[in-house]
Structures are given as structure tokens and as C-alpha cells.
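A.B. asks: coordinates only, sequence not included:
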């Protein structure tokens, strides 16, 4: 026993003596990747699939034939082991197929992160964005207030870094300057374009009557929320867009961003969140960091 402990300590200190800054960076990078994978699994149905895969792997090793001087497996199940071996041989391809939606979502998030945008030189500077969106934001806010007062349902998607070409193809191209009158005509209940979403790009109403994707956790969303709110959440899950919803039942103005829906917006609050998300990248990063640290603190308090 003493010899085993001494060998363990000697191996540990031997590895520690060769430890360098590159090794530290390597470990931190792998830790961050595993953290993202665990977060991805936790937030989706992939968690249940992972449990199933662990169950298959455990069954494979239990059913194997172990023959050695110190150990012999009494549960050698030849047929079961053969089938599980064949299943696990194509496990990588099966995982790619099973986790395709989750992998796609993870890669999209990595691509639209601030690091990814700056790394590949994508995106526009703040002054260019302000020139395109200053008047458009005022038109959006004024329109939402008027639509709210008349309880006219509306769904407006403000495109950011992630291009929404697939969604735009489902609607009608307009290329119109935004104004209260244009939004009023689009969302008037008896017009052909009212049933769907308006997509705005570079301060222009690019398309109307567009169909948005369903949310990933549709069953977990509050049953009181209608189809517009659900579509807004789904769109914000699949992109970095800011999605504005006006309820036709209550006239309430809501905003969906990063898969979360917040409600009870006034004109000033709506203008503030649009300016923050479109103009102020640094503030958005700080908000994300605050949410991350607050979630860690909440977990520690629960423990």
C-alpha cells in the first residue's frame, strides 16, 4: 500500500515538474469545451439520449468475456455482446444523426459569437449600424405603440449578424422604408400579409408574411402564450435576431431574445433594448457575463 502511494506521488510530481503554460491553456480550453457540451446537453433533449448511450456502453462492458488470472466475468452474454458491439461500431455516425439539431445549434452559436464575428472580420461598425437603424428604430417603436393601442397583432424580426435567408424565402419581398403607415397596412387583419412576420435587415422592411421556426421546447412554454409568441421564441432560439411581438388579445408588447421572452414593454423600454442590442456590443457582453456569474452564485446558494 505504501509503495503504491509513493509511486502515485512520484508520478504526480513528475508530471507537475514538466507542467508549462501551454499545458494550462490546453486544460482550460478543454474544460471550457466540456462546459459548453454539458450546457448544451442540459438545455436540450440530448440529455436523455446521452443516458441511453451510457446504458448501451455499460451493457457492452458487462456482457464482455473477461478471462484473466484475477478476474472472470460471470455475466458473459454472447448474443447481447455481439449486438451491442455492432451498434457501438456505428455509434459516431448514429450520434451525428441523433444530435444533428443540437450540433447545428451549437455551431451556429459559436459562429455568431462576438469572438467568431471578429475573428473572421464579419459585421459592421457601430457608426454604420446607427446610420441604418436610427430612423427605423423610431418607426418600429411608434408602430408598436399604435398597434398595441388598437390590439392589432404584430410580429417584427430585427435581423442582426445571423442572416435569415431561409425565413425570408417563405414570405413576400417588399424592400420598403419603415413607417407607421407601412406597418399598419401590413398587420391590418384583413390584408394578405398580416399573417406572418416582418423581417427587417439594415433598417429596411425586407419581407413580410414570413413563417418562423417552432421553439425547441414548445411543450415547456406557457400554454397562455399564442402562436406569435411561440414563433418569436423559436426565431430567437435559432438566431441572434431581436423579435418584437404585439398581442392581439391584450395589446401587450413583448420581446424575444436568445430564446427568452420578456413582456410589458413601453416605447422607451423598447427603444432602449433595440439600441442596446444593435449598437452596443460591449454592453451585451457585460449583460451575458452578469447572467453567467449570477447563475453560478444561485447554484452555490442552493448547495
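C.D. replies: Nice, thanks for sending it over. Predicted model, so just to flag it, every value in this text is computed and none were measured. Numbering: from 1, shown residues only.
A.B. asks: rest of the way, CA atoms for contacts and neighbours
C.D. replies: Will do.
A.B. asks: so residue 254, which of the three states?
C.D. replies: Classification of residue 254 by DSSP: H, G, I helix; E, B strand; the rest coil places it in strand.
A.B. asks: Model confidence for it, exactly?
C.D. replies: Here the pLDDT value assigned to residue 254 is 94.
A.B. asks: from memory it sits against residue 242, does it?
C.D. replies: No. Using CA atoms under 8 Å, residue 254 makes no contact with residue 242, being 10.5 Å away.
A.B. asks: what's the burial count for residue 244?
C.D. replies: 30 (other CA atoms under 10 Å).
A.B. asks: correct me, but residue 205 touches residue 176?
C.D. replies: Yes. Assessed by CA under 8 Å, residue 205 is found in contact with residue 176 at 5.1 Å.
A.B. asks: ok, residue 180 to residue 221 distance?
C.D. replies: 31 Å (CA to CA, to the nearest Å).
A.B. asks: higher neighbour count, the two?
C.D. replies: Higher neighbour count among residue 180 and residue 221: residue 180, with 17 against 13, using other CA under 10 Å.
A.B. asks: State the phi and psi torsions of that one.
C.D. replies: Phi and psi for residue 180, reported as degrees, to the nearest 10, are phi -60, psi -40.
A.B. asks: how close does it get to residue 136?
C.D. replies: 10 Å.
A.B. asks: out of residue 205 and residue 176, which sits in the more crowded spot?
C.D. replies: Set side by side, residue 205 and residue 176 show more neighbours around residue 205, with 23 against 13, by other CA under 10 Å.
A.B. asks: Just the element for that one, please.
C.D. replies: strand 204-210 (DSSP states H and E).
A.B. asks: same thing with residue 141?
C.D. replies: Element membership for residue 141 (DSSP H and E) is helix 126-149.
A.B. asks: do the same with residue 97
C.D. replies: helix 91-98.
A.B. asks: Please list the outside residues in contact with that helix.
C.D. replies: residue 103 (CA atoms under 8 Å, 6 or more residues apart in numbering).
A.B. asks: May I see the buried residues of that helix?
C.D. replies: Using 16 or more other CA atoms under 10 Å as the test for burial, helix 91-98 gives no buried residues.
A.B. asks: same check, this time on stretch 132-152
C.D. replies: For stretch 132-152, a neighbour-count test (16+ other CA under 10 Å) marks 133, 136-145, 147-148, 151-152 as buried.
A.B. asks: distance between that stretch and the chain's centre?
C.D. replies: In terms of CA atoms, centre = their mean, to the nearest Å, the centre of stretch 132-152 is found 27 Å from the chain centre.
A.B. asks: Got the confidence number for the residue nearest the centre of the chain?
C.D. replies: With distances taken as CA atoms, centre = their mean, the residue of the chain nearest its centroid is residue 237 (4.7 Å). pLDDT for residue 237: 85.
A.B. asks: residues contacting it?
C.D. replies: Contact analysis of residue 237 by CA under 8 Å, 6+ apart lists 215-216, 257-259.
A.B. asks: swap the cut-off to 6 Å and go again
C.D. replies: By CA atoms under 6 Å, 6 or more residues apart in numbering, the contact set of residue 237 is 258-259.
A.B. asks: just the helices in the chain please.
C.D. replies: 2-17, 21-43, 46-62, 78-89, 91-98, 100-111, 114-119, 126-149, 165-168, 180-187, 227-238, 267-279, 281-302 (DSSP state H).
A.B. asks: and the nearest residue to residue 78 once chain neighbours are set aside, how far is that from residue 54?
C.D. replies: Of all residues not flanking residue 78 in the chain, residue 63 sits nearest, at 7.1 Å (CA to CA, 6 or more residues apart in numbering). Going from residue 63 to residue 54 by CA to CA gives 14 Å.
A.B. asks: what's the answer for residue 37, then?
C.D. replies: As judged by CA to CA, residue 37 and residue 54 stand 16 Å apart.
A.B. asks: One more: residue 278?
C.D. replies: With CA to CA as the criterion, residue 278 and residue 54 are 43 Å apart.
A.B. asks: Neighbour count: the two, which is higher?
C.D. replies: The neighbour comparison of residue 278 against residue 54 (other CA under 10 Å) goes to residue 278, with 20 against 11.
A.B. asks: coming back round to it: give me the angle between the strand holding residue 205 and helix 180-187.
C.D. replies: 20 degrees (axes from the mean of the first three to the mean of the last three CA atoms, to 10 degrees).
A.B. asks: now strand 204-210: how far from the chain's centre is it?
C.D. replies: Its chain's C-alpha centre and that of strand 204-210 lie 23 Å apart, by CA atoms, centre = their mean.
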